[in-house]
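Peer 1: Here's my sequence, what's the structure:
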Amino acid sequence: MNWYVLQTMTGEEEKLVTMIRKMLPSDLYGECFVLYCEQLWRRHEGAFVHVARAFPGYVFITAEQPDALYLELKRVPAMSKLMAGDNLYFLALEPEEAAFLKQIMNESHVIGLSYLSTDGHGQVRQTAGPLRSCLKQVVRYNYRRRSAVIRLSLAESEKQIPLGIILPEDIRRQLRYGKVEAPIAVPERYQVQASAPEKTPEIQQQFLPGDQVTVMSGDLAGMCGTVSKTKKHTVRLNIHFLGQQLDIEVEAGDVKKLE
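Peer 2: Presented below is the predicted three-dimensional model:
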């Protein structure tokens, strides 16, 4: 399936998606959706995850027959006037652009939060989540606003979008969903991690891929994960966090096998 982008009025994206799904033959296209992005908003009483449109005014659609799709789209009231004299309202994405978006979004077409830790002086030490695959495209980090702005090419133009990040100090705060623009089912709140257990005396442990472990200290204290790779002094863990699987490397002395 090739990817195409439809441009419409900002705020009318989901309305257009509904019209397309209602009026176009289902065998003419694959998916039709709006891409959303999670952002972390901090308030005195806690932290809230805001889900907003990643590309306001854009609707994505996949198809194998663009000419037939284009003709049918002209029948959709929300698109007929826009497409009457300007083909810029229906543009093809390059394969690498589509591949990149598929890599950073989840099955609900949402770009989730990325975990990020620094050396204490603003330099990135470790990342996990969507951001990990696009570090070279980061324009700037805004740690106070919990975002990393990336630059990408999309439908013949350059775009800058802020990807939401979560820092180590945010992990043990209660995280709730705030304003959600996306038509997705969301839980009442994210799962709050248990308090970190007291660190036991260091014991030489041999870890193997597949071992279930708990993190005893450090940024991720109290979290559990599965060992995916071992090194001399560190282990790489798969940790289920904020609705996604994060791949994070930690010191071997900071983790302990689960009984």
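
Peer 1: what comes into contact with the helix or strand bottoming out on mean pLDDT in the chain?
Peer 2: Within the chain, no helix or strand scores below helix 77-83, which has a mean of 77 by mean pLDDT, DSSP states H and E. Here helix 77-83 makes contact (Cβ atoms under 8 Å, 6 or more residues apart in numbering) with Leu6, Gln7, Thr8, Glu12, Lys15, Leu16, Met19, Tyr70, Leu73, Lys74, Tyr89, Phe90. In this view, the C-beta of every residue, glycine as well, is placed from N, C-alpha and C.

Peer 1: secondary structure class for the closest residue to Ala54 other than its chain neighbours?
Peer 2: In space, and not counting its chain neighbours, Ala54 is closest to Cys37: 4.0 Å by Cβ to Cβ, 6 or more residues apart in numbering. Assigned by DSSP: H, G, I helix; E, B strand; the rest coil, the conformation of Cys37 is strand.

Peer 1: Quick one: neighbours of Cys37, just the number.
Peer 2: Cys37: 24 surrounding residues under other Cβ atoms under 10 Å.

Peer 1: Quick check: end-to-end length of stretch 233-253?
Peer 2: 8 Å (Cα to Cα, to the nearest Å).

Peer 1: Off-centre distance for it?
Peer 2: Put simply, stretch 233-253 sits 17 Å off its chain's centre (Cα atoms, centre = their mean, to the nearest Å).

Peer 1: For that stretch, buried residues please.
Peer 2: Going by neighbour count (16 or more other Cβ atoms under 10 Å), the buried part of stretch 233-253 is 234-239, 241-244, 246-248, 250, 252-253.

Peer 1: what's the farthest-apart pair in these?
Peer 2: The most widely separated members of those, counting by Cβ to Cβ, are Gly243 and Gly253 (29.1 Å).

Peer 1: so where is the protein shaky, pLDDT-wise?
Peer 2: Applying pLDDT under 70 to the chain flags residues 45, 84-87, 172, 186-205, 242-243.
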